[in-house]
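build me a structure from this.
(one chain, ligands or ions: 2)
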Amino acid sequence: MTVASPSPALSAAGIIRAARAGGYALAAFNAVNLETAQAIVRAAEAAHAPVILQFSQNAARHGGLTQLAALGLSLKAQASVPVLLHFDHAEDEAVALEALNLGFDGVMLEGDDPATLRRLANAAHDSGSYFEAEYEVVVKGERSGERHDDPAHLAAFIRGSGCDILAVDIGSAHKQESKNAHLDFERLERLAELTTLPLVLHGASSVPLDALARAARLGVAKINLATDLTLAFTAAVRAALDGGAKDARQYLGAGRDAMQARAETYIRALGGADRA
Ligand code: G3H
Ligand code: ZN
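Ligands and ions are numbered 1, 2, ... in the order given. Purely as a prediction, here's the structure:
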């Protein structure tokens, strides 16, 4: 089967827009170190897919934003497929600006202060990057986030924030170890009718693979995955240690291979294979 690929000259935002237009999603995987970042890029290369390599502010607290940016830029420069370097879940404007200055292709800010969102969108656009705003919060565990069903509210948010891509709540939750979430496809279809902007799904580890594939066809163009890949990585490291591995290259290598395999499964399910 032949599939339409985005032109190599596309900007980072253009690559995500091409996914929405083409009815597939870019997998956006979180990395925390060398091996997890390599797993993501290797999976994308194996599937000939564009991919989003993301580091969160939490990961930066552990590994250092400057060091993670250097790692991401280096992997991106040598990859045989488009790799978008994304700064995920920035908790304040200053760290998001720092990420843009370090060369991230896109940033996501938590929060809804209109003036802050607009300033960050402008800063992102000035550096040729894209801005992801959180229209609705995808919560952890108990649902408490507010949903907005007034079309005028959505239009005003998009205009006011200047965002390029939009995180919405259609029923997933962060940090879930089982895939029990039921996506609200009617709501997704309504949102996708109201805006042509690529939609973003957070908390995708909580969602079965076939539902993610359906969401990708309906307008979700960036699908964030961390927990499920972390579990795959850690299980393989644990098995390697239980098997007597002593050298970090052995057990971290086992984790990297397992995470790469899991990432490739997601990329293929979301329709990203052979789009690079
Ligand atoms: O921003 C990161 C993702 O939303 C992670 O979601 O915990 O379901 O893997 P997850
Ligand atoms: Zn998230």
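
ok, longest helix in the protein?
helix 248-269 (DSSP state H).

separation between Leu183 and His62?
To His62, Leu183 is 31 Å away according to C-beta to C-beta, to the nearest Å. For glycine as for every other residue, the C-beta is placed from the backbone atoms N, C-alpha and C.

so which bits of the stretch 151-276 of the chain are right by ligand 1?
Residues of the stretch 151-276 of the chain that fall close to ligand 1, judged by C-beta under 6 Å from any ligand atom: 174-176, 202-206, 224-228.

which one of those sits closest to Ile267?
When those are ranked by distance to Ile267 (C-beta to C-beta), Leu225 comes first, at 10.0 Å.

nearest residue to the closest one other than its sequence neighbours?
Closest residue in space to Leu225, ignoring its immediate chain neighbours: Ala204 at 4.9 Å, by C-beta to C-beta, 6 or more residues apart in numbering.

residue contacts, that neighbour?
Taking C-beta atoms under 8 Å, 6 or more residues apart in numbering, we find Ala204 in contact with 172, 212, 223-225.

mind running it again at 10 Å?
The contact partners of Ala204, taken as C-beta atoms under 10 Å, 6 or more residues apart in numbering, are 25, 27-29, 138, 172, 174, 176, 179, 181, 183, 211-212, 215, 220, 222-228, 266, 270.

report pLDDT for it.
pLDDT for Ala204: 98.

please apply the same query to the one 3 residues further on.
Residue-level confidence at Val207 comes out at 98, pLDDT.

centre of the chain to the strand or helix carrying Thr116, how far?
Following DSSP states H and E, one finds Thr116 within helix 114-126. Between the centre of helix 114-126 and the centre of its chain there are 20 Å (C-alpha atoms, centre = their mean, to the nearest Å).

same drill for Leu183 and His62, tell me which one is more crowded.
Each of Leu183 and His62 has its neighbours counted (other C-beta atoms under 10 Å); Leu183 has more, 21 against 11.

I figured that one hits Ala216, correct?
No: Leu183 is not in contact with Ala216 according to C-beta atoms under 10 Å; the separation is 11.2 Å.

now for these two: what residues contact both?
Common contacts of Leu183 and Ala216 (C-beta under 10 Å, 6+ apart): Leu201.

secondary structure class for the residue nearest to Thr227 when sequence neighbours are not counted?
Sequence neighbours aside, Ser205 is the residue nearest to Thr227 in space, at 3.9 Å (criterion: C-beta to C-beta, 6+ apart). Secondary structure, DSSP: H, G, I helix; E, B strand; the rest coil: Ser205 is helix.

likewise for Leu191?
Taking three-state DSSP, the label given to Leu191 is helix.

thanks again, I'm all set now.
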